[in-house]
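[1] Provided below for reference: sequence and predicted model.
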Amino acid sequence: MVTGTLTDGIFQKDDSVQVTPGRIPSRIRTIQTYSAEVHSSLPGTRTALNLTHVDIGSKAHHETSAIRRGSVILSQNCGQDSMKIHAWVHRSPRLDNGQYRMVRPMKHNTAIRFHIGGGNVPARIALLEKRVLEPGESCLAQITLERPVYGLAGDRFILRDWPEQATLAGGIILDMAPDFRRLRDRSQVTLLMDRLANHHDLKATLCSWVRRDAWIPLSKSGEYLPFSSADIHTAIEALIEDGHIGKKQNYLVHAEWWQSFINLGAELIQSEHRSRPERIGLRFSSVMARMVRDGLPSELTGGWRSEMESKGFVIQGEWIHHRSHRIKLPAELVPAAEKIRNALRMDPFNSSLLRDNIQSKTEESALQFLLDSGEVIQISSDVVLHTDSFNEALKKIVAFLNAHGPSTVSELKDTIGASRKLMVPLLELLDGRGITKRDGDKRSLLSSPFQT
């Protein structure tokens with residue numbers, strides 16, 4: 001049987017609960033309020049709970065199924081336990097008067113006792129930019145605990161000296177889960193001061209959190225905050241409407257931070273269109289690599305892609321370009337492009353091995369333009385065909401397979417008058433498109449591209 005005060009929510013008989021620290025699963029057998037057994041307990045009442053699968057804790061803090069003085073009973077998963085806290089600490093000016101003059105000064109890196117709720121945990125305090133906190137002074141501090149505690153931003157605590165003979169200071173929790181962040185980090189100090197000034201303002205608290213981290217999972221937006229799920233949802237919708245944050249997939253993002261990646265992607269693509277109008281655009285993989293290198297997390301790449309598409313950018317195969325872009329052949333590439341066109345049209349199934357004959361960067365750029373425009377089709381890494389020749393060959397292959405059934409490479413190459421060096425990669429391309437299927441040394445027709 002455990003006793004305490006119910007601070008929020010409702011407990012009912014047979015409810016599943018968690019005992020923390022330790023996240024011990026349990027169930028409420030019975031509930032008593034003021035010595036009377038009841039079916040449920042309301043906020044603000046003194047409550048006794050008969051819990052299952054929970055032992056009374058001893059001083060051996062490694063016992064994972066034990067409940068101790070200061071443990072918290074939760075009806076749902078609300079954040080995690082923590083062994084490091086960032087807080088605002090204040091020493092009363094009364095400690096400089098009368099009987100309190102004998103209280104020891106609170107120094108940086110002092111061993112202390114951390115009291116929260118009914119709990120008392122050994123800890124050590126690190127002060128920000130102070131060596132000693134005098135009576136009447138306040139500062140940000142990091143409190144490192146010897147064992148985990150549970151709390152929420154805005155919870156108050158008391159600090160006592162190690163022998164527990166005197167109270168040193170009081171304070172308010174600002175960040176229950178600073179994780180790897182150092183107290184001296186500028187972004188962390190900004191968040192802590194914002195929370196100190198607005199710890200009753202949910203919108204300001206959420207906004208400062210998203211501003212610091214740039215993005216947070218939507219599922220964690222209520223962790224360590226003393227607000228209901230409904231309040232948090234309302235605050236998020238208001239911040240989105242105000243333009244302070246955005247919601248991308250299952251994440252909240254800081255609006256300015258997110259917009260910087262949208263602007264960067266748009267500028268990279270538009271710059272490529274201006275400088276190289278003959279190209280269809282940029283390779284999508286190279287653009288994504290730049291986004292990730294500049295700090296876009298992989299979890300948000302899908303959201304970035306969706307927003308770019310909504311702004312008129314098109315992802316086509318391995319390329320990304322703006323919908324309004326029309327590839328244009330520069331004047332200096334016209335002779336090289338015409339040379340390639342003439343070669344492919346004059347002897348389509350022999351001069352198709354054209355990449356072996358590309359001798360300059362100008363010809364390479366002209367060939368890339370023809371590929372991007374769809375005038376030429378890439379058959380393999382070193383084989384290309386004019387689109388008209390490809391369609392002609394495709395019709396002949398389909399007609400032959402319809403008439404004769406499964407056929408060898410030799411039979412098919414004779415049908416269109418092509419070399420084996422062209423025919424093998426051409427058939428592999430058709431296999432990949434699901435038009436033909438290889439079975440041993442023969443090809444059969446899977447589907448005709450000319451059927452309606």
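    Perfect, thanks for sending it. Keep in mind the model is a prediction, meaning the values are calculated, not measured.

[2] If you count neighbours, what's buried in the lengthiest strand in the chain?
    For the chain, the longest strand by residue count, based on DSSP state E, is strand 138-149. Buried residues in strand 138-149, counted by 16 or more other CB atoms under 10 Å: 139-143, 145, 148-149. C-beta: built from backbone N, CA, C; applies to glycine.

[3] Now the two most distant members of the residues you listed.
    Spatially, the most separated pair among the buried residues of strand 138-149 is C139 and P148, at 24.4 Å (CB to CB).

[4] So for the helix or strand hosting I236, mean pLDDT?
    Following DSSP states H and E, one finds I236 within helix 229-242. Average pLDDT, helix 229-242: 92.

[5] repeat for stretch 311-318
    On average, the pLDDT along stretch 311-318 is 91.

[6] Output that stretch as PDB, restricted to C-alpha atoms.
    C-alpha atoms of stretch 311-318 as PDB (Å, rounded to 0.1, in the frame of the first residue of the first chain):
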ATOM      1  CA  LYS A 311       6.400  24.400 -55.000                       C
ATOM      2  CA  GLY A 312       6.600  23.300 -58.600                       C
ATOM      3  CA  PHE A 313       9.700  21.100 -58.600                       C
ATOM      4  CA  VAL A 314       9.500  17.800 -60.400                       C
ATOM      5  CA  ILE A 315      11.500  14.600 -59.600                       C
ATOM      6  CA  GLN A 316      11.800  12.600 -62.800                       C
ATOM      7  CA  GLY A 317      13.800   9.500 -62.600                       C
ATOM      8  CA  GLU A 318      17.200  10.400 -61.100                       C
END
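
[7] quick one on the thing from earlier: following the longest strand of the chain, which helix or strand comes up?
    Next along from strand 138-149, by DSSP H and E: strand 156-161.

[8] now that next one against strand 138-149, angle please.
    For strand 156-161 against strand 138-149, the angle by axes from the mean of the first three to the mean of the last three CA atoms, to 10 degrees is 90 degrees.

[9] ok, the buried residues of strand 138-149 vs L426, which is closest?
    P148 (65.9 Å).

[10] give the contact list for the closest one.
    21-22, 81-83 (CB atoms under 8 Å, 6 or more residues apart in numbering).

[11] Same check on P348?
    With CB under 8 Å, 6+ apart, P348 has these contacts: 385-386, 388-389, 392.

[12] next one: L445
    By CB under 8 Å, 6+ apart, the contact set of L445 is 398, 401-402, 435-437.

[13] one step back: with respect to pLDDT, which of the contacts of P148 ranks lowest?
    G22 (78).

[14] Could you give the number of residues near that residue?
    Neighbourhood size, G22 [other CB atoms under 10 Å]: 21.

[15] Could you do H273 as well?
    Neighbours of H273 (other CB under 10 Å): 19.

[16] quick revisit: now do the longest strand of the chain, average pLDDT.
    According to the model, strand 138-149 has a mean pLDDT of 93.

[17] Which neighbours in the sheet does that strand have, and how are they oriented?
    The pairing partners recorded for strand 138-149 under DSSP bridges are strand 82-90 (antiparallel), strand 119-127 (antiparallel).

[18] Tell me which of those lies nearest to R290.
    That would be, of those and by CB to CB, strand 82-90, which comes in at 34.4 Å.

[19] Touching that closest one from outside, list them.
    With CB under 8 Å, 6+ apart, strand 82-90 has contacts from 125, 127, 133, 137-151, 157, 159, 169-179, 181, 183, 188, 192, 196.

[20] mind listing what's buried in stretch 429-446?
    429-430, 435-436, 442-443, 445.

[21] let me fix that: stretch 147-157
    148-155, 157.

[22] With secondary structure and distance to S71 as added columns, please give the buried residues of stretch 429-446 in TSV.
    Listed next are those as TSV, based on DSSP: H, G, I helix; E, B strand; the rest coil; distance: CB to CB, whole Å:
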residue	secondary structure	distance to S71
L429	helix	67
L430	helix	69
I435	coil	68
T436	strand	69
K442	strand	74
R443	strand	72
L445	strand	72
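
[23] Tell me which two of the residues you listed sit farthest apart.
    Farthest-apart pair in those is L429 and K442; separation 17.1 Å (CB to CB).
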